[in-house]
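Trainee: sequence and predicted model, in that order:
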Amino acid sequence: MANEILFSGDLGQTYFICLRRVLDFYVWYDTGTVFEAWGTGGRDQSDYGMEATYQGGGVLTVDAPGSLAAGRYLVQTFRQYGDDPADDDTFDGAFVFEWDGSQQILFNVDGIDRSNDAAKSLARSAAIRGNKAKQNKFTGELTIRNADDSEDLLTVNFTDDGTEITRSIESM
């Protein structure tokens, strides 16, 4: 199967994604076919970026790794400006990607059951891509909201135990 990860983007722009496991925020390292802590072995964005293919009409796709286990993942999208992904490329958006081991688990959007419908995935992706965010200065909690600021989409909590900061994401 190919082109399982779908998102929206602009014509004429080059995009790539970083795929992160929500459980621990480890990032997919395609060459090693493993999830690992960011920066393992001195690796950076150029090692973790997965190239997106423009399909027309503002739709971009990325092949899900063949060995990707069922689970919930965070897809971070970036605009690429050089020949290869780089740490200074622009973050463009993020969305939660749920995978059953062979295909994306799609959501009910606008009350329409769109099981296995790419439009459903794009609608959710677009809702998060055009998001707003607010962060509580005291607790550090980051809430990502939809574009019209009427619904929470994700909440990111940060815990600092004095030696490390732990992040957790809750999908609404």
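Mentor: Arrived safely. Numbers count the residues shown, from 1 in each chain.
Trainee: what are the ranges of the strands in the protein?
Mentor: Defined through DSSP state E, the strands belonging to the chain, from first to last, are 5-8, 14-21, 27-29, 34-36, 50-51, 53-56, 59-62, 71-80, 90-99, 132-135, 142-145, 152-160, 165-171.
Trainee: show the end-to-end separation of stretch 49-58, please.
Mentor: Terminal residues of stretch 49-58 are spaced 20 Å apart (Cα to Cα, to the nearest Å).
Trainee: quick one, what contacts the nearest residue to Val156 once chain neighbours are set aside?
Mentor: What sits nearest to Val156 in space, not counting adjacent residues and going by Cβ to Cβ, 6 or more residues apart in numbering, is Leu142, at 4.2 Å. In this view, the C-beta of every residue, glycine as well, is placed from N, C-alpha and C. Listed by Cβ atoms under 8 Å, 6 or more residues apart in numbering, the contact partners of Leu142 are Ala133, Lys134, Gln135, Asn136, Thr155, Val156, Asn157, Phe158.
Trainee: between the strands of the chain, which one is nearest to Arg43?
Mentor: Distances from Arg43 to each of these were compared by Cβ to Cβ, and the smallest falls on strand 27-29, at 6.6 Å.
Trainee: how far does that closest one sit from the chain's center?
Mentor: Its chain's average C-alpha position is 12 Å from that of strand 27-29, according to Cα atoms, centre = their mean, to the nearest Å.
Trainee: give me the residues contacting that strand.
Mentor: For strand 27-29, contacts defined as Cβ under 8 Å, 6+ apart pick out 18-21, 34-38, 40, 43, 47-48, 50, 65, 68.
Trainee: quick revisit: confidence score at the residue nearest to Val156?
Mentor: At Leu142, the predicted lDDT confidence score is 75.
Trainee: can you tell me how far it sits from Gly93?
Mentor: With distances defined as Cβ to Cβ, to the nearest Å, the gap from Leu142 to Gly93 amounts to 14 Å.
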